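In: predicted model and sequence below, questions to follow.
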Amino acid sequence: MSTVMSTPTLEIRPSDHAASAEERTKRMTHPGFGRVFTDHMVVVPYTEGHGWGQGVLKAYGPIEMDPASSVLHYGQAIFEGFKAYKQRDGGIACFRPEANARRFNTSAARLAMPELPEALFLEAATALIRQDQAWVPGAVGESLYMRPLMIATEAALGVRASNEYLFLLMASPSGAYFPAGVKPVTVWISDDYVRAAPGGTGFAKCAGNYAASLVAQRQAKGEGCDQVVWLDAVHRKYIEEMGGMNIFFVYQENGETVVVTPELTGTLLPGITRDSLLLLAREQGWRAEERRISVEEWRTDIQEGRMTEVFACGTAAVITPVGHVKSRQGDWTIRDGETGPVAAKLREILLNLQHGVSPDTHGWMKKIV
Ligand code: PLP
Ligand code: COI
């Protein structure tokens, strides 16, 4: 029989059918992204009027829901993504999980969902990572991807905010997000679809944003591209994001390296990697700017040689160079389709920080084990 222990808010109920070491090793070999899950998960219920109830860490497995659960009909669902990394000293640490806890609540507020106390978000993460620490991969570029989720569970078909919710946290040992690894991607600039409009949910990490993106992603694939690049909904000419990642443009101006990323207008997701790279770039002595940048600028600045690199960034894939651009206005190639030195350097700096190889001078790493 498994032992039952409890922390002040989370009850720990270890699984009685955890994977054997042999099975775990097998499943952790070439895990890809988001396909393998650890032995446990955290579940915390919420009821309007009572608040967050007793949370439990228990065996990973299916959840039972009423078919009338409002998430299934009206899509009140938000999620987050952050990673736990094996450290050079053998420990385990997460990269900026407090920032994910805050963004989770920003998303919750936009979707008329209850906020989750940051301490509970972090407690759930700590408990799950400690419980399943054997599932944290060791190689650089690999990590335990943490996926917090909140869904509306009240069985009620009226269109209104649910009175019941479930917070879930699962963990997934992960390698490269893109099957090809860190090779530069080819992108399709989407004219037919927009991801987010002013006043909408672009800044929130809600499930519907991703559902709405899939047809554009499919179109991009049909055009022979890996990813879609989103334009702003009003002018349909300013770059917003690349798929589920933020985007950076690199310039060489009179011997100075300048990195530019679209400013946060409310229609972009405020990426934590984006925020970190702005600071890390400045620490390299480079200029870092947040401003609007149009498709036309992208094309002419590449053609005229001022813009030397483009890359996307996010938790899942860290930094992914963009090698080729296709659009109805024409196609162009960046740096002969090769990874540039700025993207490579930032990727190295970030991964070294995340794996505890270089000192955490920003207080970004939260030690778990
Ligand atoms: N943009 C979108 C739409 C995303 O889904 C993500 C991923 O979370 C990002 C950008 C990158 O954000 P972060 O760096 O916090 O992972
Ligand atoms: C990211 O972490 O960059 C993401 O976009 C997560 C994605 C799987 C939704």
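Out: Thanks, I have the structure now. Numbering: from 1, shown residues only. Ligands and ions are numbered 1, 2, ... in the order given.
In: do you know how far the residue nearest to residue 299 when sequence neighbours are not counted is from residue 193?
Out: Ranked by CB to CB, 6 or more residues apart in numbering and with sequence neighbours excluded, the top spatial neighbour of residue 299 is residue 332, at 5.6 Å. C-beta coordinates here come from the backbone N, C-alpha and C atoms, glycine included. Counting by CB to CB, to the nearest Å, the gap from residue 332 to residue 193 is 21 Å.
In: wait, what's in contact with residue 340?
Out: 250, 308-309, 311, 321, 334 (CB atoms under 8 Å, 6 or more residues apart in numbering).
In: looking at these, which is nearest ligand 2?
Out: residue 311 (12.7 Å; CB to the nearest ligand atom).
In: partner strands of the host helix or strand of that closest one, with direction?
Out: Element membership of residue 311, judged by DSSP states H and E, is strand 307-314. With DSSP bridges as the test, strand 307-314 is paired with strand 246-253 (antiparallel), strand 318-327 (antiparallel).
In: ok, the last one near ligand 2 or not?
Out: Meaning strand 318-327. No: under the criterion of CB under 6 Å from any ligand atom, strand 318-327 makes no contact with ligand 2; the nearest approach is 8.4 Å.
In: and the helix or strand following that strand, what does it pack against?
Out: If you walk from strand 318-327 toward the C-terminus, the next helix or strand you reach (DSSP H and E) is strand 330-333. Other helices and strands packing on strand 330-333, by 3 or more CB pairs under 8 Å, 6 or more residues apart in numbering; DSSP states H and E, are helix 295-303, strand 318-327.
In: can you report how many residues neighbour residue 305?
Out: Neighbourhood size, residue 305 [other CB atoms under 10 Å]: 9.
In: any idea which element it lies in?
Out: With DSSP H and E as the criterion, the answer for residue 305 is that it lies in no helix or strand.
In: mind pulling up the pLDDT for it?
Out: Predicted confidence (pLDDT) for residue 305: 97.
In: how near is it to residue 158?
Out: Between residue 305 and residue 158 the computed distance is 59 Å (CB to CB).
In: quick one: which of the strands paired with strand 307-314 is nearest residue 294?
Out: With CB to CB, the closest approach to residue 294 among these belongs to strand 246-253: 11.0 Å.
In: what sits closest to residue 17 if chain neighbours are left out?
Out: Nearest one to residue 17, counting by CB to CB, 6+ apart, is residue 59 at 6.5 Å.
In: quick one: contacts for that neighbour?
Out: 13-18, 39-41.
In: buried ones in the longest helix seen in the chain?
Out: In the chain, taking DSSP state H as the definition, the longest helix is helix 207-222. By neighbour count on 16 or more other CB atoms under 10 Å, the buried set for helix 207-222 is 207-209, 213, 216-217, 219-220.
In: so how far is the helix or strand following it off the chain centroid?
Out: Sequence-wise, the next helix or strand downstream of helix 207-222 (DSSP H and E) is strand 227-231. Its chain's average C-alpha position is 16 Å from that of strand 227-231, according to CA atoms, centre = their mean, to the nearest Å.
In: and the helix or strand that strand 227-231 is followed by, what does it pack against?
Out: Note on strand 227-231: by DSSP H and E, the next helix or strand toward the C-terminus is strand 239-242. Packing partners of strand 239-242 (3+ CB pairs under 8 Å, 6+ apart): strand 227-231.
In: who's in contact with the strand it packs on?
Out: For strand 227-231, the surrounding residues in contact (CB under 8 Å, 6+ apart) are 185-191, 193-196, 213, 216-217, 219-220, 237-243, 245, 247, 295, 312, 325.
In: now the buried members of those.
Out: 185-190, 193-196, 213, 216-217, 219-220, 238-243, 245, 247, 295, 312, 325.
In: got the residues of this protein near ligand 1?
Out: Contact residues (CB under 6 Å from any ligand atom) of the chain with ligand 1: 81, 205, 241, 244-246, 269, 271-274, 314-315.
In: the residue of the stretch 151-300 of the chain found nearest ligand 2: neighbour count?
Out: Residue nearest to ligand 2 within the stretch 151-300 of the chain: residue 244 (2.9 Å; CB to the nearest ligand atom). Other residues near residue 244 come to 22 when the count uses other CB under 10 Å.
In: quickly note the distance from it to residue 221.
Out: The value you get for residue 244 to residue 221, if CB to CB is used, is 15 Å.
In: I'd say the residue of the stretch 151-300 of the chain closest to ligand 2 and residue 313 touch.
Out: No: the pair residue 244 / residue 313 is not scored as a contact, 10.8 Å apart, by CB atoms under 8 Å.
In: what sits against the residue of the stretch 151-300 of the chain closest to ligand 2?
Out: Neighbour list for residue 244: 210, 213, 269, 314, 316 [criterion: CB under 8 Å, 6+ apart].
In: cool, residue 200 as well?
Out: Counted by CB under 8 Å, 6+ apart, residue 200 has contacts 233, 267.
In: rerun that using 10 Å as the cut-off
Out: Listed by CB atoms under 10 Å, 6 or more residues apart in numbering, the contact set of residue 200 reads 110, 194, 206, 208-209, 212, 233, 266-267.
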